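Asks: All I have is the shape, not the residue letters:
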């Protein structure tokens with residue numbers, strides 16, 4: 001009887017944890033599938049659903065990430081985030097996926113996903129990954145092929161290819177619409193504003209010329 005009580009308590013704890021996870025993610029779907037269809041009048045989670053009788057396996061298959069990405073840019077990286085507009089079967093499933101193609105020494109700059117945590121899986125190369133907590137604590141690691149790293153929801157995080165050859169990773173995010181805010185772009189690609197410039201100058205303890213130089217540099221990324 002004592003063993004049964006322990007098992008019962010353990011099951012209750014598992015269900016409680018699962019419930020917390022569900023509450024923190026996207027809304028729970030109330031049907032098996034809701035494949036995105038722009039011509040439908042039925043909306044689930046803000047997106048129109050295809051008639052279930054017309055859904056096929058093709059709706060849950062994507063070949064978008066087959067082709068190598070072009071990483072010729074100032075950051076030497078291409079992040080291909082696959083959302084429901086490109087992969088309709090993702091709708092209501094509470095996840096999205098991204099391919100991170102790094103050129104030599106490519107950098108995925110500091111950014112946040114306000115609606116999702118993220119897991120990165122290193123497929124090729126050496127990737128330096130890290131995130132910073134709200135208490136300014138840095139968690140960092142060099143990833144090798146087969147390694148995983150978790151970025152908690154809403155925290156500033158980044159990755160960098162450590163080598164002069166290409167690197168590759170796949171990221172899974174716990175929302176069909178994780179969102180992304182790049183720290184540098186949020187500060188220096190916003191429209192010019194005297195008040196905002198003064199805020200940034202005070203925060204970074206630099207003068208106006210430095211802010212202008214940073215704006216010019218970030219605008220090229």
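Replies: Ah, there it is. Model, not experiment: these values are computed from the prediction.
Asks: hey, which helix or strand in this protein has the poorest pLDDT?
Replies: Of all helical and strand segments in the chain, the minimum by mean pLDDT, DSSP states H and E falls on helix 2-24, at a mean of 49.
Asks: Break the protein into its domains for me.
Replies: 2-53, 74-181, 186-218 (automatic domain parsing).
Asks: list the contacts for the residue nearest to residue 133 when sequence neighbours are not counted?
Replies: In space, and not counting its chain neighbours, residue 133 is closest to residue 155: 6.1 Å by Cβ to Cβ, 6 or more residues apart in numbering. C-beta: built from backbone N, CA, C; applies to glycine. Neighbouring residues of residue 155 by Cβ atoms under 8 Å, 6 or more residues apart in numbering: 112, 131-134.
Asks: Report the buried members of those residues.
Replies: Applying 16 or more other Cβ atoms under 10 Å to these, the neighbour count classes 112, 131-132 as buried.
Asks: how about the strands in the protein?
Replies: Listed in chain order, the strands found in the chain under DSSP state E are 43-44, 47-48, 77-82, 96-102, 107-112, 118-124, 127-132, 138-143, 148-151, 156-161, 167-173, 181-182.
Asks: So which of the ones you listed is nearest residue 211?
Replies: Comparison of the strands of the chain against residue 211 by Cβ to Cβ identifies strand 181-182 as nearest, at 17.0 Å.
Asks: what's that closest one packed up against?
Replies: Packing partners of strand 181-182 (3 or more Cβ pairs under 8 Å, 6 or more residues apart in numbering; DSSP states H and E): strand 107-112.
Asks: Direction included, what does the strand it packs on pair up with?
Replies: When pairing is defined by DSSP bridges, strand 107-112 lines up against strand 156-161 (antiparallel), strand 181-182 (antiparallel).
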